[in-house]
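1. build me a model:
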Amino acid sequence: MLKPLGSRVVIQKTEQEQTTKSGIVLTDSAKEKSNEGTIIAVGAGRTLEDGSRIAPEVKEGDKVVFQQFAGTEVKRGDETYLIVNDDDILAVIEA
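-> Below is the predicted model of the structure:
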């Protein structure tokens, strides 16, 4: 598993539907990139100049919305994860 450093988090992206409401199947190039996912791992937080830490506002298991082109994609086995800074997370999706 990936363990993020500092203020980074690891997100497993939620896949978009591959068909439209009218039943048209979309190709990968026609689909919009998903900007929603689930937090898989959270780093220790941002370190301030005085050495203290600010903990991230998200926790493992949170469903979040992040900036469209944020982070770095990493492939581990069959899964692809996204590593982003906690600043790139825009909102937590509440049930």
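2. tell me, what residue is most central in the chain?
-> Nearest residue to the geometric centre of the chain (Cα atoms, centre = their mean): residue 11, 3.3 Å.
3. contacting residues for that one?
-> 37, 38, 39, 40, 64, 66, 71, 81, 82, 83, 84 (Cβ atoms under 8 Å, 6 or more residues apart in numbering). (Each C-beta comes from the backbone N, C-alpha and C, glycine too.)
4. just those: which are in strands?
-> 37, 38, 39, 40, 64, 66, 81, 82, 83, 84 (DSSP state E).
5. still on that earlier bit, contact partners for the nearest residue to the residue nearest to the centre of the chain once chain neighbours are set aside?
-> Computed as Cβ to Cβ, 6 or more residues apart in numbering, the closest residue to residue 11 that is not its neighbour in sequence is residue 37, at 4.0 Å. When contacts are counted by Cβ under 8 Å, 6+ apart, residue 37 touches 11, 12, 13, 14, 63, 64, 66, 82.
6. try residue 4
-> Here residue 4 is in contact with 10, 41, 42, 43, 83 (Cβ under 8 Å, 6+ apart).
7. just the buried residues of the contacts of residue 11.
-> For these, a burial check counting by 16 or more other Cβ atoms under 10 Å picks out 37, 39, 40, 64, 66, 71, 81, 82, 83, 84.
8. please tell me I have it right and residue 93 contacts residue 64.
-> Yes - counting by Cβ atoms under 8 Å, residue 64 is a contact partner of residue 93 at 6.5 Å.
9. touching both of the two, which residues are there?
-> Taking Cβ under 8 Å, 6+ apart as the criterion, residue 93 and residue 64 both touch residue 36.
10. what about the residue nearest to residue 11, distance to residue 94?
-> Residue 37 sits 15 Å away from residue 94, taking Cβ to Cβ, to the nearest Å as the criterion.
11. swap in residue 73?
-> 26 Å.
12. so between these two, which is more surrounded?
-> Shown here are residue 73 and residue 94; by other Cβ atoms under 10 Å, residue 73 has more neighbours (9 against 6).
13. mind listing the strands for this structure?
-> Under DSSP E, the chain gives strands at 8-13, 36-42, 46-47, 53-54, 63-66, 72-76, 79-85, 89-93.
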